[in-house]
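Colleague: Provide a 3D model corresponding to the input given below.
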Amino acid sequence: MNLKKKLKYLLPVPVKKALKYISNLFQDIISYIKGTNSDGYPPKRLNFVGSSEFKKVGDEFVKYFKELGHLKQTDTVLDIGCGIGRMAIPLTKYITTGEFYGFDIDKTGIKWCRKNVSRKFPDFHFDYVDIFNKYYNKKGKIKADKFIFPYENNKFDFIFATSVFTHMLPEQIIQYLAEINRVVKPGGRCFLTWFSIDEEAQKHIAGHISNCNFKYEYKYEDGVCFYSHKNLPEAEIGYKEDWIIKQLKKIDCNENLKIHHGSWSKRTNALSYQDVFISEKKK
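Modeller: Numbering: from 1, shown residues only. Prediction:
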């Protein structure tokens, strides 16, 4: 195991989050001094999710939405866990006659998006939801396994959730999938990312090759859900691939299912870092 991977699991999660903020703050100061700030993008210190390559990741996924998910410029789109606009910002250049809706549990991110995106693009809407998550929102008052999306039935043509289910427990995911089924139109498309554990990923985990160790089992169903950080499951959660497929079938959102495996497990021919599941709701 290399040093970077050792530190990933040795350092407490709050310490890692603090170090990330300090590093990003320092980069913001340097960018301000040099005058190299990216217009239309949030300062790095406000990026509370995933990779520091904010613009690169957003552009990458919008490309996947269009080429693999067949996103149309006229679609009504829902971004589950929209953060601080990582996907919304590049989508403003593409969704011309459609509409964009996003919700997130981070108030700062939603406030920034309303001020910097919605004011320029009135068809881009952002909602703050005070959902509890041990990793992202410890003071949240709404339980994720009871949460009802604030949208009417059959509203959306295209729904995506990137790096969301990788931080959620099984009961919470089941509720979110039920809500996806409620708000997506028949024939609508779903684009969801996971840490999906199939046979090859399992071998790499057991051989300490993968980036995620998933050494702890969450007590839900035997051999279904695994996490990496002992005292904070929500920091990194993986699911058996057949369980994910089973849940998509239950909500009739498994039509034309395509799975594009990611590089997190150190497999070859990966599309992105996490595993991408693209499917349609039964008409």
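
Colleague: In contact with the closest residue to G223 other than its chain neighbours, which residues?
Modeller: Once flanking residues are discounted, G223 sits nearest to K240: 6.4 Å by CB to CB, 6 or more residues apart in numbering. (Each C-beta comes from the backbone N, C-alpha and C, glycine too.) Residues in contact with K240 (CB atoms under 8 Å, 6 or more residues apart in numbering) are S196, I197, D198, G223, V224, C225.

Colleague: do the same with H204
Modeller: Here H204 is in contact with S210, S265, K266, R267 (CB under 8 Å, 6+ apart).

Colleague: Which element, helix or strand, includes the closest residue to I251 other than its chain neighbours?
Modeller: Closest residue in space to I251, ignoring its immediate chain neighbours: N181 at 3.8 Å, by CB to CB, 6+ apart. Using DSSP states H and E, N181 falls within helix 170-183.

Colleague: picking that back up, among the contacts of H204, which lie within helices?
Modeller: If you go by DSSP state H, the contacts of H204 have nothing in helices.

Colleague: Mind putting those residues into a markdown table with neighbour count, pLDDT and distance to V62?
Modeller: Formatted as a markdown table, those follow (neighbours: other CB atoms under 10 Å; pLDDT from 0 to 100; distance: CB to CB, whole Å):
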| residue | neighbour count | pLDDT | distance to V62 |
| --- | --- | --- | --- |
| S210 | 23 | 95 | 27 |
| S265 | 24 | 96 | 24 |
| K266 | 16 | 95 | 26 |
| R267 | 17 | 94 | 24 |
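
Colleague: closest to F126 among those?
Modeller: S265 (33.0 Å; CB to CB).

Colleague: ok, that closest one to E241 distance?
Modeller: 11 Å (CB to CB, to the nearest Å).
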